[in-house]
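Q: Sequence and predicted model, in that order:
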Amino acid sequence: MTERPRALFAMTAENVPLVFPPEVLARLRAVVDIDPAVVAEDLTDPRLADVLARTEILVTGWGCPRLDAAVLDAAPKLRAVLHSAGSVKGFATPEVWRRGIAVSSAAEANALPVAEYTLAMILLAGKDVFVRRERMRTERAYPGWGIVPGLGNHGRRVGVIGASRIGRKVIELLRPFDLAVTLTDPYVDEAGALELGVPLAELDDLLRTSEIVTVHAPETPETRHLIGRRELALMPDGAVLINTARGSLVDTDALVEELRTGRLSAILDVTDPEPLPADSPLHDLPNAFVTPHLAGSQGNELARLGLAVVGEAERVAAGETVVHQVAFAALAHGA
């Protein structure tokens, strides 16, 4: 029998049983030699020196310590970093790629629940559910069965900002619905948009013509306040802005100003700052629906991240290339 490669958990210890529940952990331990009781929250801890020296695979996750040259020197056999979450940007240094260590991320698995959340919010926004629910709650009046002009999802124009993993997944999930979807992304050309099955537009044009705008661009210096005062002013009356990406992509002050006029509505799973201060106007504005950053993997969805790592571990153990490989060049775009 081929010896299983030695692996080590490098993440916040309390997250291990959440991402790797018993059935997922059993599958992982079938392909790698890993002790769930040994979790490295600090890879410079001298008590872990012997284990780290023999480690071939690091199973990382939220709370992973920084992988710098000193840590990598202490792990001469390391050949793969399998991340059970999204971005590796916060802990993986360029030295990891310089040493030829494979890096994999479960970002694809984490994209699905965010896309599902976005899909739900788009369909509910098309019915103006959130604003009308607030009106019923405050006025204590039932409007009756009359037809409401302007409501519904038949042909509603939806603008997707960013062909990220999540943006692409949202486009995919929207296909069965009778919606007119448009994409904007500076890194996608007409051929790429055609492949996704949606028309391409410049950001300004997308904002002018979309009734619902959903943000899925990465967080970079260039995308900070991508949606600011000028961009919000381009959106038509009654439009809805959805942000499940990062709070910094939207200028919060400008958004609050616009929402106070009642002209637009917003659905925000992320904010800037985050967490949202208790005195933020967004808590009280009837046309702002704010959730506490829960669109990503939660509860039983976390096991999907662990399963993504199991699949990659099976490939590494078999001498194959990881499927969800993170290229160093992708870090510049938020990977």
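A: Received, thanks.

Q: Low-confidence regions, the stretch 51-200 of the chain specifically.
A: Scanning the stretch 51-200 of the chain for pLDDT under 70 picks out 143-145.

Q: 50 - rerun?
A: For the stretch 51-200 of the chain, applying pLDDT under 50 flags no range at all.

Q: just the helices in it please.
A: 69-73, 94-98, 107-126, 129-139, 165-174, 190-196 (DSSP state H, counting those that start in this stretch).

Q: Show me the strands in the chain, by range?
A: 7-10, 57-60, 80-83, 102-105, 156-161, 179-184, 212-215, 240-243, 265-268, 288-290 (DSSP state E).

Q: any idea of the mean pLDDT for the first one?
A: Per-residue pLDDT values over strand 7-10 give a mean of 98.

Q: how far out from the middle of the chain is that strand?
A: Centroid separation for strand 7-10 versus its chain: 24 Å, with C-alpha atoms, centre = their mean, to the nearest Å.

Q: Would you map the helices across the stretch 201-335 of the chain?
A: With DSSP H, counting those that start in this stretch as the criterion, the stretch 201-335 of the chain has helices spanning 203-209, 229-234, 252-260, 302-317.

Q: Now the first one: buried residues?
A: Neighbour counts over helix 203-209 (16 or more other C-beta atoms under 10 Å) mark Leu203, Leu206, Leu207, Thr209 as buried. Yep, even glycine has a C-beta here, placed from its N, CA and C like the rest.

Q: just to revisit the earlier point, in CSV: the strands of the chain, plus mean neighbour count and distance to Pro277.
A: Formatted as CSV, the strands of the chain follow (neighbours: other C-beta atoms under 10 Å; distance: least, C-beta to C-beta, whole Å):
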stretch, mean neighbour count, distance to Pro277
strand 7-10, 25, 33
strand 57-60, 28, 31
strand 80-83, 26, 31
strand 102-105, 25, 31
strand 156-161, 25, 26
strand 179-184, 20, 31
strand 212-215, 26, 21
strand 240-243, 26, 17
strand 265-268, 23, 14
strand 288-290, 21, 12
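
Q: if I look at Met121, how far off is Leu268?
A: Met121 sits 10 Å away from Leu268, going by C-beta to C-beta, to the nearest Å.

Q: closest to Glu222 out of the helices of the stretch 51-200 of the chain?
A: Judged by C-beta to C-beta, the one of the helices of the stretch 51-200 of the chain that comes nearest to Glu222 is helix 165-174, at 16.3 Å.

Q: So which elements touch the closest one?
A: helix 107-126, strand 156-161, strand 179-184 (3 or more C-beta pairs under 8 Å, 6 or more residues apart in numbering; DSSP states H and E).

Q: between the second one and strand 179-184, how big is the angle?
A: It stands for strand 156-161. Calculated by axes from the mean of the first three to the mean of the last three C-alpha atoms, to 10 degrees, strand 156-161 forms an angle of 20 degrees with strand 179-184.

Q: Select, out of the helices and strands packed on helix 165-174, the one closest to Trp97.
A: Short answer: helix 107-126, nearest of those by C-beta to C-beta, at 16.8 Å.

Q: Pick out the residue nearest the middle of the protein.
A: Ala111 (5.5 Å; C-alpha atoms, centre = their mean).

Q: Return the distance of that residue relative to Ser297.
A: Distance of Ala111 to Ser297, computed by C-beta to C-beta: 10 Å.
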